[in-house]
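> When you get a sec, could you give me coordinates for this:
(one chain, ligands or ions: 2)
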Amino acid sequence: MSNTFSSVPTIDFSRLQNRETRDEALSQLREAIFVVGFMYLTNTGLEDLIKKAHARLPELFEAPENVKEACNMINSPAFLGYTRLGAETTASKTDFREQFDFATPGMKQWTEQDPIWDRLEGNNQYPDIPGVQDLVEEYMSSVSRLAETFIRYVAESLGLAPTTFDEFAGRMDRLKFVKYPPSPPNSQGVGPHKDSSGFFTFLSQDNIGGLQVLNNAGQWIDVPPVEGSLVVNIQQGFEALTGGVCAATTHRVIAPVAQTRYSIPYFRGIRKDLTLNQLKHSAAHITSRIPTIDHRAKQAVDVPSEFLSPLYSCFGEAHLRNRIMSHPDVGQKWYPELYARFLKQKIEQGA
Ligand SMILES: O=C(O)CCC(=O)C(=O)O
Ligand SMILES: [Fe+2]
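Ligands and ions are numbered 1, 2, ... in the order given. Below you'll find the predicted structure:
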């Protein structure tokens, strides 16, 4: 494979912001996007916030069962809240992790007149622990500002106007607090997957390790912890928007054996009302502007992706399917008909 990789590159955010170093940093960013789809982002200015958030996680997960269960995701048609160990499925296997899902606060109340996938834009369920809501809100607004700026740099690095992707921004981003407890050797912390809900993921991991990404040659490459950094990766929404020129990279977490690992992924959301036609149209438009010197720019618009499948009327529906299949108990409770339909499709596809 000509364009494979054996490590994850580092992009220094402060160099993107500095006139003197910006051009070089933009070309490194372009390379990271085209070749790997994953990078460390350093010097973001969020280091103290990341540290503060990680310091709260052990206490949050050690809260009494009844405090965690009071905000169980099963209560939420928006798939927000607490997921206990063993209740999540990836690549048809059970994940060995426990987590809280949060989202941008202040979404409007869903009504029967709204599209069903808008129901994903619901309210947070905060555990009754002092300071958690403030922490989530502070973290989300800070990373959201970073994400907005970063995506403009991404556009520039691809030779596009900085605001090219602004119009595709969704109303809601998602944030998770995740705990991987010590597990038997080679357990699946989270199975192989591509991130689904939007543009890019901004992940802060602690110092334990276990995250791996898959290269084009089928090898799993470690993403070892780098203190204070965010691991940034392309999601399937951005892959679809760019016609596969910027591909989402498959990744997984091998569960720790002796220690507990914590991580905080933040998922930058994309508009849920984007239809397949709009996506294909924008992809064609965007790819036609990315300079063709790179072989990736020649890649077809028909990248294999569930987000470009005619089975779903828009991005929101594909996203809802993804949530239902990842959290089948929640999916079955709130969307019984869709759950049955998606399950049937899955069986028919042999997936
Ligand atoms: O915990 C991690 O390091 C990665 C988690 C992840 O890939 C996900 O939740 O999508
Ligand atoms: Fe992921």
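
> looking at the protein, which helix or strand does the model trust least?
Lowest mean confidence among the helices and strands of the chain (mean pLDDT, DSSP states H and E): helix 276-289, at a mean of 80.

> Flag every buried residue along that helix.
Buried residues in helix 276-289, defined by neighbour count with 16 or more other CB atoms under 10 Å: L276, L279, K280, S282, A283, I286, T287. Every residue, glycine included, has its C-beta placed from N, CA and C.

> helix/strand/coil for the closest residue to the second one other than its chain neighbours?
When you say that, I think you mean L279. Leaving out its chain neighbours, the residue that sits closest to L279 by CB to CB, 6 or more residues apart in numbering is A240, at 5.2 Å. Assigned by DSSP: H, G, I helix; E, B strand; the rest coil, the conformation of A240 is helix.

> ok, so what distance separates A240 from C314?
Applying CB to CB, to the nearest Å, one obtains 11 Å for the distance of A240 from C314.

> ok, the two, which is more surrounded?
A240 (26 against 20; other CB atoms under 10 Å).

> mind checking the SS state of the residue in the chain that ligand 1 sits nearest to?
Across the chain, no residue is closer to ligand 1 than S263, which sits at 3.4 Å (CB to the nearest ligand atom). Using three-state DSSP, the structure places S263 in strand.

> Can you report how many residues lie near T275?
The local packing count at T275 equals 14, with neighbours defined by other CB under 10 Å.

> need the contact list for the spatially closest residue to it that is not a sequence neighbour.
The shortest distance from T275 to any residue other than its chain neighbours is 4.8 Å, reached at C314 (CB to CB, 6+ apart). Listed by CB atoms under 8 Å, 6 or more residues apart in numbering, the contact set of C314 reads P115, W117, K272, D273, L274, T275, L276.

> Of those, which one scores lowest on pLDDT?
Within those, pLDDT reaches its minimum at L276, with 78.

> That residue: what's it in contact with?
Applying CB under 8 Å, 6+ apart to L276 gives the contacts L308, S309, P310, Y312, S313, C314.

> Let me see the confidence value for the first one.
Reading off the confidence values, L308 has pLDDT 69.

> what does T292 give?
What the model reports for T292 is a pLDDT of 52.

> And K93, by the same measure?
On the pLDDT scale, K93 is placed at 85.

> do K298 as well
pLDDT for K298: 40.

> quick one, strands of the stretch 1-150 of the chain?
Listed in chain order, the strands of the stretch 1-150 of the chain (DSSP state E, counting those that start in this stretch) span residues 10-12, 38-42, 81-83, 89-90, 93-94, 98-103.

> Output the contacting helices and strands for the third one.
Same thing as strand 81-83. The helices and strands touching strand 81-83, judged by 3 or more CB pairs under 8 Å, 6 or more residues apart in numbering; DSSP states H and E, are strand 98-103.

> Which residues does the strand it packs on contact?
With CB under 8 Å, 6+ apart as the contact definition, strand 98-103 has outside contacts at 60-61, 71, 73, 78-85, 88, 121-122, 124, 126-127, 136, 140, 172-179, 181.

> Establish whether that strand and ligand 1 are in contact.
No - counting by CB under 6 Å from any ligand atom, ligand 1 is not contacted by strand 98-103; separation bottoms out at 7.7 Å.

> Can I take it that G269 is in a helix?
No - with the criterion set as three-state DSSP, the secondary structure at G269 is strand rather than a helix.

> Now for it: which residues touch it?
For G269, the contacting residues are T104, A169, G170, R171, M172, D173, R174, S197, G198, F199, G237, by CB under 8 Å, 6+ apart.

> Quickly list what it is bridged to.
For G269, the residues forming beta bridges with it (DSSP bridges) are G198.

> State the pLDDT value of it.
Per-residue confidence (pLDDT) for G269: 95.

> Offset the numbering so it begins at 57, please.
Sure, I'll start numbering at 57, so the last one becomes G325.

> And for P366, the neighbour number?
Burial measure for P366: 6 neighbouring residues, criterion other CB under 10 Å.

> Which residues are in contact with it?
By CB under 8 Å, 6+ apart, the contact set of P366 is L332.

> That one falls within a strand, correct?
No - when three-state DSSP is applied, P366 is found to be coil, with no strand at that position.

> Where does the prediction get shaky in the stretch 257-406 of the chain?
Judged by pLDDT under 70, the stretch 257-406 of the chain has its weakly predicted residues at 347-362, 364, 406.

> Do you have the strands of it handy? List them.
Listed in chain order, the strands of the stretch 257-406 of the chain (DSSP E, counting those that start in this stretch) span residues 267-270, 276-278, 286-290, 307-310, 317-325.

> quick one: which of those is nearest T60?
Closest of the strands of the stretch 257-406 of the chain to T60 is strand 276-278, at 9.3 Å (criterion: CB to CB).

> is that closest one up against ligand 1 anywhere?
No - Strand 276-278 is not in contact with ligand 1 by CB under 6 Å from any ligand atom; minimum separation 11.6 Å.

> which helices and strands does that strand pack with?
Counting by 3+ CB pairs under 8 Å, 6+ apart, the elements that strand 276-278 packs against turn out to be strand 267-270.

> Check which helices and strands the strand it packs on sits against.
With contacts taken as 3+ CB pairs under 8 Å, 6+ apart, strand 267-270 sits against strand 276-278, strand 307-310.

> Reformat those as JSON lines; add mean neighbour count.
Putting those into JSON lines (neighbours: other CB atoms under 10 Å) gives the following:
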{"stretch": "strand 276-278", "mean neighbour count": "16"}
{"stretch": "strand 307-310", "mean neighbour count": "22"}
